[in-house]
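In: Any chance you could fold what I've pasted below:
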Amino acid sequence: MIDVHAHFAGEGYEFPAEWEKIRAAGVKTVILASDTPAHAKWHAEFAKTHNGCYFTVGVHPSELENFGRETLETLRAMAADEKCVAVGEIGLDYHYPDPDKRAQRAAFEAQLALAEELSLPVEIHSRDACADTLAILREHRGGTAHGFLMHCYSYGAENLPDFLELGAYFSFGGVVCFKNARRAVESVRACPLDRILSETDSPYLSPFRGEKNSPANIPVIVEKLAEGKGIPLPAMIEAIGANAARLFPKMLPEGAFLQNK
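Out: Residues are numbered from 1 along each chain as shown. Next comes the predicted model:
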């Protein structure tokens, strides 16, 4: 099983105990999504010494202070790492008034251009900004030419076709386990099986309310995804694995980094 979007840097996990718990749960692969260059550096160092762990480089729309050319150069350099599999998480977040929308759009477009230059897929964060996200993706199709993920998709089944038309993959997390998660479950049902992925967004959005999330919870989430699609659990696990390999081609088969733990 795989977690395509989790955060470790600065989140207070205790290693190696947490990593051992994740592996014991049957989670073979974890992609650490970065929201700042500093966190990307931490994730890169962690991935270097942990087999089955990869990372992304990017600046979250809520972390744009001092974003500029130097930031992009830093991201470009880190993306050369063999374990960097995507640009992300990048996008738009209009839930709060800051940073302003113009700055968010400019940073999003600049990082889409970086993904195009580097021939990498993109992990996208989009909250309360569906129309602007779609407009930018339509205008900058080169930035998603190597695929893109709508992380923690929340816009509902009614908007899913608009993103599908652009080539999106969709990841779902602990929210699908909530009793009142009607919209999330409807999106899972509407999502084509060859476009669905599993994530935790750890340490956030645990399937167990009030608890800190962990990639070790992926089995609980994948079981709910299988239930939502009406297919056996092994079939869902197989589909997610195939989708992840297609979207993130820099990932290597389990055990390829024999020197790692």
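
In: how about the helices in the stretch 51-200 of the chain?
Out: Taking DSSP state H, counting those that start in this stretch, the helices of the stretch 51-200 of the chain run over residues 69-78, 101-118, 130-139, 160-165, 182-190.

In: Identify, out of the ones you listed, the most deeply packed stretch.
Out: Comparing those by mean neighbour count (mean count of other CB atoms under 10 Å), helix 101-118 ranks first with a mean of 19. No exception for glycine: its C-beta is placed from N, CA and C like everyone else's.

In: Show me the one of the helices of the stretch 51-200 of the chain that comes nearest S154.
Out: When the helices of the stretch 51-200 of the chain are compared by CB to CB, helix 182-190 sits nearest S154, at 7.4 Å.

In: Let me know the pLDDT of the nearest residue to P37 once chain neighbours are set aside.
Out: Nearest residue to P37, sequence neighbours excluded (CB to CB, 6 or more residues apart in numbering): T74, at 4.8 Å. T74 carries a pLDDT value of 97.

In: S206 in helix, strand or coil?
Out: Classification of S206 using DSSP: H, G, I helix; E, B strand; the rest coil returns coil.

In: That one against P215, yeah?
Out: No - using CB atoms under 8 Å, S206 makes no contact with P215, being 11.2 Å away.

In: ok so, going back, what's the spacing between the residue nearest to P37 and G68?
Out: Note on T74: its distance to G68, by CB to CB, to the nearest Å, is 10 Å.

In: looking at the helices of the stretch 51-200 of the chain, which is closest to F55?
Out: Of the helices of the stretch 51-200 of the chain, nearest to F55 by CB to CB is helix 69-78, at 8.6 Å.

In: by how many degrees do that closest one and helix 101-118 diverge?
Out: Put simply, helix 69-78 runs at 30 degrees to helix 101-118, going by axes from the mean of the first three to the mean of the last three CA atoms, to 10 degrees.

In: Could you find the closest non-adjacent residue to P121?
Out: P121's closest residue in space is G147 (CB to CB, 6+ apart), at 4.0 Å.

In: and the one you found, how many residues sit next to it?
Out: Using other CB atoms under 10 Å, G147 has 17 other residues around it.

In: In contact with it, which residues are there?
Out: Contacts for G147 (CB atoms under 8 Å, 6 or more residues apart in numbering) come out as 121-122, 167, 169, 246-247.

In: Show the model's pLDDT score for it.
Out: Per-residue pLDDT puts G147 at 97.

In: Please report phi then psi for it.
Out: When read as degrees, to the nearest 10, the backbone of G147 gives phi 100, psi 160.

In: Any figure for the gap between it and T49?
Out: G147 is 27 Å from T49, by CB to CB.

In: do P203 as well
Out: P203 sits at a distance of 21 Å from T49 (criterion: CB to CB).

In: of these two, who's got more company?
Out: Between P203 and T49, counting by other CB under 10 Å, P203 is the more crowded of the two (17 against 12).

In: Return the residues in contact with that one.
Out: P203 is in contact with 7, 11-13, 212-214, counting by CB under 8 Å, 6+ apart.

In: Can you flag the buried ones in these?
Out: Neighbour-count burial (16 or more other CB atoms under 10 Å) is assigned, among these, to 7, 13, 213-214.

In: which one of these sits closest to F55?
Out: Nearest to F55, judged by CB to CB, of those is H7 at 10.4 Å.

In: Got the phi and psi for the closest one?
Out: Residue torsions, per degrees, to the nearest 10, at H7 are phi -130, psi 130.
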